[in-house]
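Q: Just to be clear, the model below is a prediction. Sequence and coordinates:
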Amino acid sequence: MTDISKQTTSFRLLSVIDTLARPILLVLVSAVDRILTPIQRRVGIDRMGYFFVLPNLIIFGIFVLFPMLLNFYYAMTGGTKLFPEDRPFVGLGNFETLFDCEDFLSPNSCQEDLFWRGIFNTTQYVILQVGGIVLFSLATALVLNRRIRARGFFRSVFFYPVLLSPVVVALIWKWVLQYEGVLNAIVEIFGGESRRWLLDTNWAMFWVVFVSVWALMGFYTLILLAGLQSIPPELYEASSIDGANTWQDFRFVTLPLLMPTMFVVLVLSLIRAVQMFDHIFVLTGGGPGTRTQLMVQYIYTTGFSNQIQLFGLSAAASMVLGVSLLVLTLLQLRLGNQSSLS
Amino acid sequence: MRKVLALLVILTVVASALPALTQDMVELRIRWYNDGNEGEVLRDLLDRFEADNPDISVEIDTVPYSAILENLPLDLAAGEGPDMARVTDLGGLAQYYLDMTPYLSDPAYWEENFGPFLNWKRLGDDDSSIPGFMTQLTITGPFINRTLFEQAGVEVPSDMSDSVSWEEWAAASVAVAEALEIPYPMAMDRSGHRFAGPAISMGAMYFDDMGHPTVMDEGFRNMAEIFVNWHLDGTMHPEMWPLSEGYAGANEEFANAELVFYMSGSWQVGQFSEQIGDAFDWQTVPNPCGPGGCTGMPGGAALVGIGATEHPEEVTRLMEYLASQEVLGEFAARTLFIPAHSGLSASGVDFDTDLQLAKDSLGVFVGQVGTLEQTAFDLQAYAYNRNVFNATRDRLTQAMVGELTLDEAIDRIQDDVDTALAEVSG
């Protein structure tokens, strides 16, 4: 079949669909019109925007805003009862418990030592993981943006881990890192000694950061790749005419124009890092001891996995986490805006 | 065309009549978890019940064990639970149980056969409610790989003495592991409940004079010290406690003959029968001894009715069927569970296995019932025992990796227990 005859068939098909669908659409439109016209008359055309966002706002309110308010209320209550009306009001008591420390730099001196261990571990993890994500995603995106052989294949390879379930990722790496795992087999081939990678308190943090960077960087690489491709090639041509070398291209053309995308990556990866739970929970269970136990795991354990479930303390800790995240995000956005302006 | 129309009319009539036909049918839901084949056995027993009771259908909602521990309490607190559930936190959930006494045709049967274990499911001053029955009685205790002992030429300590200490078992297990280059001499389930038996054997009291839970005694400290040190010197599986969250077991290592001595419990017999069979000689040995005795911990799972059910009579009818001596005997025989039913204990259960290793193992566990210390029973009956167990598990783990000293860890266990109990009473 020629291209022209194919197109003719397509047009005919569309025409048939149009003929069939038009009356249905007309009925639908007139039905919607009957509902919306009186509303528009009542609220005025300027306020109709609110009406259209209302359904989404209601869903947001029920599933995000209301739980946040409920969490705030729980943070002010004590006891072990589930329903808010059964819980005694303790004011800031839960926050006092969390912040009851002789020395804030020494978790063992705090009443809720696990909360502070969670804070220190989370801080360390966030710095290393977000730094790693930004660095490796940028490097990978720069390489994948060049005209290299099998570029499409490599783009798929780097994105592939994003498609895997976090549990699967963590289990795969657990098998690799266990004492009789793949990594030790490789180490032994090269004459090294097997070691318990996840049992060593320093290596454990390294590996949880490594695994999460490996698993997530594909997503951020994709975002940065899109950012790189939106940079007009004329700019590189102009800089080339000006005699700029590769580094100068990167420093004075790529980086400034990629900065808005970089901030998106930074904010998204930061939020994801602070919320991290799944990879670590499966890979190390927060261990050895509590070396890789982050804030979210503390919140979960305190609120749900203990026999006596301390919902109030857990809610207070999640508020501290939420506020920290908000402050960090606002700070980043402010820095991002300043950077864009400059 | 007429035929099609006639068929449609008939179908419509039948469809509209269906709700009327099924409106008397009561559906009961059981929240259940599996250690071995007990879910299949239960289903088989339920099919027979449904055949004899066409007005009741029973659905089993099988969930992971962690969901029984973590999600079920929340569902029950919210009034959203099932009609029945298989639970192990017997006292902790007691406030949500259905007291079946008014509906039972013969409450005396329950008192007579399940009497000693009913208290585990009661709260405070309650000494009369009948919320359910134990699907199994469990006893904690060690398994050994006898084949490895033979291959290493090391005598099995319990062959030479009726009273073997923990230290003697450790020395023998290490000798076997070194001789055969086995990676793990010993392992213990990552559970404060499993640790409690050895601790009581070393003299831990677990309760002060006022009945308040305490770990501040020499017995507890001695066992904790030995246990932590065994993790540091490689006697115990070095990764299982430090690198896990919540419960962890060493079934895989034991089944793969990578472990010499495994402190676990009677519920493993069914699994080991299937996983290991007679691939090597596995064996249950009596609980090691210390100055406080040679005790393990009793425990088990119970099937309980939930107070929020809309069908207490039907739940009770089903419970009476499942708890009858004949049915429970079949359940125990097919699942290789030790029954917590005095009638069955007296008559004995002919366990449904050709594997002599499994029968011997169950025999040793049944024999251990008489050696359990009173403290072990008291701790098992204590409603908030999991609070003590979990704090023990988590804080000793911190001592193993050097985050806390042993004394700090013990202080923290006590703090955690006291703080949580204060919230309950507050």
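A: Yep, that arrived.
Q: Residues of the stretch 51-200 of chain B that sit close to chain A?
A: Contact residues, the stretch 51-200 of chain B versus chain A (CB under 8 Å from any CB of the partner chain): B:69, B:70, B:73, B:74, B:77, B:78, B:89, B:92, B:183. No exception for glycine: its C-beta is placed from N, CA and C like everyone else's.
Q: Strands - which of those land there?
A: Using DSSP state E to define strands, no part of those is located there.
Q: okay if I get those as CSV plus pLDDT and distance to residue A:29?
A: Shown next, in CSV, are those (pLDDT from 0 to 100; distance: CB to CB, whole Å):
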residue, pLDDT, distance to residue A:29
B:69, 88, 55
B:70, 85, 51
B:73, 91, 52
B:74, 89, 47
B:77, 89, 49
B:78, 88, 44
B:89, 91, 59
B:92, 88, 59
B:183, 93, 72
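Q: of all those, which two lie farthest apart?
A: The largest distance within these, taken as CB to CB, falls between B:78 and B:183 and amounts to 45.1 Å.
Q: Tell me which of the two has more neighbours.
A: residue B:183 (15 against 11; other CB atoms under 10 Å in any protein chain shown).
Q: That one reaches residue B:177, doesn't it?
A: Yes - in this structure, residue B:183 is within contact of residue B:177 by CB atoms under 8 Å, at 7.4 Å.
Q: Show me where chain B dips below the pLDDT cut-off.
A: Within chain B, the stretches with pLDDT under 70 are B:1-23, B:426.
Q: Spell out which parts of chain A neighbour chain B.
A: So far as CB under 8 Å from any CB goes, chain A lies against chain B at A:78-83, A:88, A:108, A:111, A:113, A:117, A:178-180, A:196, A:198-199, A:201, A:281, A:284-291, A:297, A:301, A:304-310.
Q: hmm, try it at 7 Å
A: Selection of chain A residues close to chain B by CB under 7 Å from any CB of the partner chain yields A:78-80, A:82, A:88, A:108, A:196, A:198-199, A:201, A:281, A:284-291, A:304-308, A:310.
Q: what residues does stretch B:387-404 touch?
A: With CB atoms under 7 Å, 6 or more residues apart in numbering or on different chains as the test, stretch B:387-404 has contacts from A:108, A:201, A:288-291, A:306-308, B:190-193, B:195-196, B:213, B:215, B:224, B:227-228, B:231-232, B:241-242, B:405-406, B:409, B:412-413, B:416-417, B:420.
Q: that older thread, is there a quick ChimeraX command that grabs whichever of the residues of the stretch 51-200 of chain B next to chain A are buried?
A: The following ChimeraX line selects those of those that are buried, judged by 16 or more other CB atoms under 10 Å in any protein chain shown:
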select /B:69,70,73,77,89,92
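Q: can you redo the residues of the stretch 51-200 of chain B next to chain A as a markdown table with distance to residue B:332?
A: A markdown table is the format used below for these (distance: CB to CB, whole Å):
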| residue | distance to residue B:332 |
| --- | --- |
| B:69 | 24 |
| B:70 | 28 |
| B:73 | 28 |
| B:74 | 31 |
| B:77 | 32 |
| B:78 | 34 |
| B:89 | 22 |
| B:92 | 25 |
| B:183 | 35 |
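Q: For the stretch 301-426 of chain B, which residues are neighbours of chain A?
A: So far as CB under 7 Å from any CB goes, the stretch 301-426 of chain B lies against chain A at B:384, B:386-387, B:390, B:397-398, B:400-401, B:403-404, B:408, B:420, B:423-424, B:426.
Q: how deep is residue A:201 tucked in, by neighbour count?
A: 17.
Q: Run through the residues that contact it.
A: Residue A:201 neighbours (CB under 7 Å, 6+ apart): A:288, A:291, B:401.
Q: swap the cut-off to 8 Å and go again
A: Applying CB atoms under 8 Å, 6 or more residues apart in numbering or on different chains to residue A:201 gives the contacts A:288, A:289, A:291, B:401, B:402.
Q: Got the phi and psi for residue B:30?
A: Note on residue B:30: backbone dihedrals following degrees, to the nearest 10 are phi -110, psi 120.
Q: That one and residue B:138, how far apart?
A: Per CB to CB, to the nearest Å, residue B:30 is found 20 Å from residue B:138.
Q: Looking at those two, which is more packed in?
A: Taking neighbours as other CB under 10 Å, residue B:30 and residue B:138 compare with residue B:138 leading, 25 against 22.
Q: That one touches residue B:300, doesn't it?
A: Yes - with contact defined as CB under 8 Å, residue B:138 reaches residue B:300; the gap is 4.6 Å.
Q: Check what pLDDT the closest residue to residue A:87 other than its chain neighbours gets.
A: Excluding its sequence neighbours, the residue lying closest to residue A:87 (CB to CB, 6 or more residues apart in numbering or on different chains) is residue A:77, at 3.8 Å. The model reports residue A:77 with a pLDDT of 96.
Q: and residue A:77, how many neighbours?
A: So residue A:77, with other CB under 10 Å, has 21 neighbours.
Q: May I have the beta-bridge partners of it?
A: residue A:89 (DSSP bridges).
Q: same thing with residue B:265?
A: Residues in beta-bridge contact with residue B:265 (DSSP bridges): residue B:140.
Q: Pretty sure it sits against residue B:141.
A: Yes - with contact defined as CB under 8 Å, residue B:265 reaches residue B:141; the gap is 6.4 Å.
Q: anything in contact with each of the two?
A: B:296, B:365.
Q: secondary structure element for the residue nearest to the spatial centre of chain B?
A: In chain B, the residue lying closest to the centroid (CA atoms, centre = their mean) is residue B:300, at 3.8 Å. Using DSSP states H and E, residue B:300 sits in strand B:298-305.
Q: Which residues outside that strand are in contact with it?
A: B:30, B:83-88, B:90, B:93, B:97-98, B:100, B:117, B:120-121, B:131-140, B:193, B:265, B:312, B:315-316, B:319, B:322, B:340, B:369, B:372, B:376-377, B:380.
Q: Next step: these restricted to strands.
A: B:30, B:84-87, B:132-140, B:265.
Q: For residue B:355, which non-adjacent residue is closest in space?
A: Nearest one to residue B:355, counting by CB to CB, 6+ apart, is residue B:273 at 5.2 Å.
Q: which ones are touching that neighbour?
A: Contacts of residue B:273 by CB under 8 Å, 6+ apart are B:336, B:353, B:355, B:357, B:358.
Q: can we see that at 7 Å?
A: B:336, B:353, B:355, B:358.
Q: And for residue B:421?
A: Residue B:421 neighbours (CB under 7 Å, 6+ apart): residue B:384.
Q: repeat that for 10 Å
A: Applying CB atoms under 10 Å, 6 or more residues apart in numbering or on different chains to residue B:421 gives the contacts A:308, B:212, B:213, B:384, B:387, B:388.
Q: For residue B:143, which non-adjacent residue is spatially closest?
A: residue B:262 (4.7 Å).
Q: is it fair to say that neighbour lies in a helix?
A: No - counting by DSSP: H, G, I helix; E, B strand; the rest coil, residue B:262 is not part of a helix but strand.
Q: how much space is there between the residue of the stretch 1-150 of chain B found nearest chain A and residue A:80?
A: With CB to the nearest CB, the shortest gap between the stretch 1-150 of chain B and chain A falls at residue B:77, namely 3.8 Å. Applying CB to CB, the value for residue B:77 to residue A:80 is 9 Å.
Q: same question, residue A:317
A: Counting by CB to CB, the separation of residue A:317 from residue A:80 is 16 Å.
Q: For the two, indicate the residue with more neighbours.
A: Set residue A:317 next to residue A:80 and count neighbours by other CB under 10 Å: residue A:317 wins out with 27 against 20.
Q: okay but that one is in contact with residue A:74, surely?
A: No - at 11.0 Å, residue A:317 does not count as touching residue A:74 under the criterion of CB atoms under 10 Å.
Q: before we move on, back to that, hmm, residue B:92 and the residue of the stretch 1-150 of chain B closest to chain A touching each other?
A: No - with contacts counted by CB under 10 Å, residue B:77 stays clear of residue B:92, the gap being 11.6 Å.
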